[in-house]
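In: Kindly return the folded structure for what I paste below:
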Amino acid sequence: MSRLRRARELPSALRGALAFLTRLPVGGSEASWEAFRRAPESIPLVGYAVGALAAVPLVLPIPAPSAAALYLAVLALLTGVTHADGLADLGDAAAVHGAADAARRREVLKDSQIGVGGALAVALAIATLGLGALALAGMAHRAAFVLAVAAEVGAKAGIALLVCTREAAHEGLGSALTDQSTPADLVPVAVAVLPVVALAPVAGVRVGVALAPLLAAVAAAWLLGRWATGALGGINGDVLGAANELGRVAAVHAGVIAWTLW
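Out: Sure thing, here's the model as predicted:
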């Protein structure tokens, strides 16, 4: 795709990404979905919107526990349960004992019932994210806002990394995205991430501190992608959803640690 055409399609791609990744009423269409599939850089761009809205409770003059609880609630309202459902399915697949092959784990992924592995994965993700949010709420408001946005952009960049570099385990949602992207598409993805780093000093946050959540989220997605390739034969929609949830948790805590130490 030419750069000019890509630039022209970006607004439509962003609408498709918002419709796919959030519950915001943006009016997605078949055309915006197709544009989204061709533009993985639209995925981290969604992180700016979700992160900024979710960060609002963290800058309100309310007690830190209340701010952290509202942060979690806003995330749930904005993104729904799709990503968490993917994490639950992946937790069940990871909990399969013995020398299970990829086909057996994929069967577990398709089971609509949540097992102990899935319940534990979701519970741990919510608990650890809540603790990270509590720490964010205790920071200077501008720093909390920047790190919350960086965490969401990083989580979405992790999804884009998997879409651009991994093969799908089977035909479905995963292949619908991976078939349209190549490692070369990571260049515009990286460009889409840069604004949150560039704007950090304006809010009094060091560039290195803003980079920490981005790198942590991408690293979490990369590790998950490696595991999925071996355990499942590739990635799918559940892996992408889990990458979002685990990437956010890793990013929030990396941001908190970086802010505290530096």
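In: Please report how far the spatially closest residue to residue 133 that is not a sequence neighbour lies from residue 139.
Out: Nearest non-adjacent residue to residue 133, counting by Cβ to Cβ, 6 or more residues apart in numbering: residue 68, 3.9 Å away. Placement of C-beta: from N, CA and C, glycine included. Remark: distance between residue 68 and residue 139 (Cβ to Cβ, to the nearest Å) = 12 Å.
In: residues in contact with the residue nearest to residue 133?
Out: 57, 58, 130, 133, 134, 136, 137 (Cβ atoms under 8 Å, 6 or more residues apart in numbering).
In: What about the first one, how many residues nearby?
Out: Read that as residue 57. 23 (other Cβ atoms under 10 Å).
In: Could you check the pLDDT of the closest residue to it other than its chain neighbours?
Out: Excluding the flanking residues, the one nearest residue 57 by Cβ to Cβ, 6+ apart is residue 70, at 3.5 Å. Note on residue 70: pLDDT of 98.
In: Got phi/psi on residue 70?
Out: phi -70, psi -40 (degrees, to the nearest 10).
In: Enumerate every residue touching it.
Out: Here residue 70 is in contact with 57, 60, 62 (Cβ under 8 Å, 6+ apart).
In: Output the below-cut-off pLDDT ranges for the stretch 1-150 of the chain.
Out: 1-6, 98-100 (pLDDT under 70).
In: go with 80
Out: 1-8, 27-28, 97-104, 106-107, 109-113 (pLDDT under 80).
In: again with the stretch 151-262 of the chain
Out: 173.
In: other SSEs contacting the strand or helix carrying residue 83?
Out: Taking DSSP states H and E as the criterion, residue 83 maps to helix 82-94. On a contact count with 3 or more Cβ pairs under 8 Å, 6 or more residues apart in numbering; DSSP states H and E, helix 82-94 meets helix 102-110, helix 116-137, helix 207-232, helix 237-261.
In: Could you tell me the angle between that helix and helix 207-232?
Out: Helix 82-94 runs at 50 degrees relative to helix 207-232, counting by axes from the mean of the first three to the mean of the last three Cα atoms, to 10 degrees.
In: which residues are contacting helix 82-94?
Out: Against helix 82-94 from outside (Cβ under 8 Å, 6+ apart): 105-106, 108-109, 111, 114-115, 117-122, 125, 227, 231-232, 237-242, 244-246.
In: Between helix 116-137 and it, find me the angle.
Out: Using the same axes, to 10 degrees: helix 82-94 against helix 116-137 is 130 degrees.
In: buried set for stretch 201-210?
Out: Buried residues in stretch 201-210, defined by neighbour count with 16 or more other Cβ atoms under 10 Å: 203, 205, 209, 210.
In: Filter the contacts of helix 82-94 down to the buried ones, PyMOL style.
Out: Here is the PyMOL selection string for the buried members of the contacts of helix 82-94, based on 16+ other Cβ under 10 Å:
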select buried, resi 105+106+108+109+115+117+118+121+122+125+231+232+237+238+239+240+241+242+244+245+246
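In: Distance-wise, check the closest residue to residue 62 other than its chain neighbours relative to residue 171.
Out: Computed as Cβ to Cβ, 6+ apart, the closest residue to residue 62 that is not its neighbour in sequence is residue 70, at 7.8 Å. As judged by Cβ to Cβ, residue 70 and residue 171 stand 40 Å apart.
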